[in-house]
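1. sequence first, then the predicted structure:
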Amino acid sequence: MRSRSYGLYVLALLASANFLNYGTRNVVFTMYDDLRGAFHVSNSELGLLGTVFMLTHALTSIPIGWAADRLDRRKTIAVGMLVWSTATLGAAAATGIGTMLLARALAGLGTAACVPVANALLCDVFPAGGKARTVSIFNLGLFAGGAAGFALGALAGFPLAFVIMGAPGFVLLILIWRIDVPGRSREAAGLPVSLRAFADDVGSLLRIPTMRWVLAGAVLMAFAAGGMLAWFADFLHKTKGLSVERATAVFGGCAVSGGLAGVVTGGIVGDRLQRRLPFGRMATMTIGFTASLPFGLAAIFVDSGVIFYGATWLMMFFITWYHGPMAAVVDDLVPEGRAATAQAAFIFTMHLVGTAPSSYAVGLLVDRVGVRYALLAPLVAVAAAALAVALGFRHAARDCAITAPT
């Protein structure tokens with residue numbers, strides 16, 4: 001890296017890519033009425049727009065991450081942006097639900113190149129002692145971009161929202177292609193390229209005890225986040241008497257402001273604790289998960305007033321501490337040449353096992369016990385995530401030492 005200021009420039013570019021990544025993911029969810037009018041589609045067909053996006057995103061994340069460990073990570077991200085930006089513009093030109101589904105599937109494929117590869121690249125080029133903080137800043141794009149996507153879809157609608165979200169990627173991908181960071185390490189240059197090597201690399205990740213515990217915690221957390229995201233606004237509307245618009249604004253405001261503050265705080269705390277404990281970043285995840293639980297209970301069972309709003313904000317603040325520390329722990333556990341593969345395996349497993357079934361599973365509970373008590377399931381998952389990560393503490397020092405540079 002040429003200088004600290006240039007490092008911040010690189011971080012800003014990648015955070016901007018993540019902004020577009022999550023904006024692209026969410027922009028469709030608030031233009032359903034426009035799509036119903038344009039294509040006369042059913043609710044199940046609208047639901048498929050999210051499903052096909054996440055399926056291609058999850059299924060291609062590991063192959064893309066594995067390839068990025070053998071190729072130039074900058075160019076891998078840039079090519080992914082080319083695919084998802086082109087697909088997003090293609091969605092604006094869709095003539096029916098079939099072409100819209102194809103465009104969303106291609107957008108999901110392209111966005112799979114963003115988070116795992118960028119996480120590995122940032123951990124590679126920034127100081128090891130600040131990895132969690134660096135990745136936390138990168139992940140600010142998750143909250144800001146996700147909120148922007150919701151807002152843009154609602155305000156601009158179909159097809160304009162797709163055009164506005166897709167066009168900036170073509171400029172940004174050129175800047176990312178040209179950034180001055182290591183394109184490929186010596187270790188990566190000698191890695192074999194074959195299906196057997198791919199299977200061996202992925203399998204080796206699961207043989208690391210700490211990796212297994214952190215991955216279990218990540219899956220449980222992804223389930224909790226997916227369930228809350230899908231049903232909390234509906235909960236506010238049905239049980240607390242808020243209008244749909246106000247419920248969306250309350251949840252969105254707490255999620256964005258509390259989440260942004262939590263992501264940054266978690267990164268700072270994680271790096272500081274890591275200087276004192278070999279499992280410092282994992283401890284940060286456990287602290288955040290555990291601290292969010294009483295505030296989550298208050299948000300569910302207190303119906304109004306300052307306590308309700310404060311509890312909702314603090315739940316989002318603590319529950320998001322894990323973002324930077326988790327990516328940094330994954331990077332600590334593997335050699336540099338396999339970092340993108342490891343990050344991608346995490347993203348794949350979190351989304352496929354945790355996120356994908358969460359809204360449906362919580363929905364089944366809503367039908368049986370009502371939305372208030374159904375939301376206890378995500379909180380139980382958060383508690384289980386805290387326990388899973390804590391169980392990995394005893395392996396962390398040994399597992400990280402094995403992959404530390406000598």
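-> Sure thing, it's come through.

2. switch to C-alpha atoms for all contacts and neighbour counts from now on
-> Will do.

3. in the stretch 1-150 of the chain, which ranges drop under the pLDDT threshold?
-> Applying pLDDT under 70 to the stretch 1-150 of the chain picks out residues 1-3, 127-129.

4. where do the helices of it begin and end?
-> Under the criterion DSSP state H, counting those that start in this stretch, the stretch 1-150 of the chain contains helices at 4-26, 32-39, 43-68, 73-92, 97-111, 115-125, 131-138, 140-155.

5. so which of those helices is the most packed in?
-> Greatest average neighbour count among these goes to helix 131-138 (a mean of 27), per mean count of other CA atoms under 10 Å.

6. other SSEs contacting it?
-> When contacts are defined as 3 or more CA pairs under 8 Å, 6 or more residues apart in numbering; DSSP states H and E, helix 131-138 sits against helix 4-26, helix 115-125, helix 244-274, helix 323-332.

7. I'd like to know how far the residue nearest the centre of the chain sits from Trp213.
-> Nearest to the geometric centre of the chain sits Leu142, at 6.5 Å (CA atoms, centre = their mean). For Leu142, the distance to Trp213 (CA to CA, to the nearest Å) stands at 24 Å.

8. how about Ala383?
-> Distance from Ala383 to Trp213, by CA to CA: 14 Å.

9. Phe53 is in contact with Arg104, isn't it?
-> Yes: using CA atoms under 8 Å, Phe53 makes contact with Arg104 at a distance of 5.3 Å.

10. tell me where the stretch 151-300 of the chain has helices.
-> Under DSSP H, counting those that start in this stretch, the stretch 151-300 of the chain gives helices at 160-166, 168-177, 186-189, 195-206, 209-239, 244-274, 280-301.

11. weakest of those helices by average pLDDT?
-> With a mean of 46, helix 186-189 has the lowest mean pLDDT of the helices of the stretch 151-300 of the chain.

12. follow-up on the earlier one: make CSV out of the helices of the stretch 151-300 of the chain and add mean neighbour count and distance to Ala15.
-> Formatted as CSV, the helices of the stretch 151-300 of the chain follow (neighbours: other CA atoms under 10 Å; distance: least, CA to CA, whole Å):
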stretch, mean neighbour count, distance to Ala15
helix 160-166, 22, 15
helix 168-177, 17, 11
helix 186-189, 13, 25
helix 195-206, 13, 27
helix 209-239, 22, 21
helix 244-274, 21, 13
helix 280-301, 22, 21
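
13. so for Arg133, which of those helices sits nearest?
-> Nearest of those to Arg133, taken as CA to CA: helix 244-274 at 3.9 Å.

14. quick one: that closest one to chain centroid distance?
-> Distance of helix 244-274 from the chain centroid (CA atoms, centre = their mean, to the nearest Å) equals 13 Å.

15. count the neighbours of Arg276 for me.
-> 9 (other CA atoms under 10 Å).

16. and the gap between it and Leu20?
-> 36 Å.

17. spit out the contact partners of Lys75.
-> Contact partners of Lys75, counting by CA atoms under 8 Å, 6 or more residues apart in numbering, are Ile176, Trp177.

18. try it again at 7 Å.
-> Neighbour list for Lys75: Trp177 [criterion: CA atoms under 7 Å, 6 or more residues apart in numbering].

19. ok, it to Ile176 distance?
-> Taking CA to CA, one finds Lys75 at 8 Å from Ile176.

20. now Gly37
-> From Gly37 over to Ile176 (counting by CA to CA), the distance is 38 Å.

21. next one: Ala113
-> 13 Å.

22. repeat that for Met54.
-> 24 Å.

23. can you check Ser292 too?
-> 36 Å.

24. next one: Val334
-> Taking CA to CA, one finds Val334 at 25 Å from Ile176.

25. what of Leu11?
-> Separation of Leu11 from Ile176 (CA to CA) stands at 10 Å.
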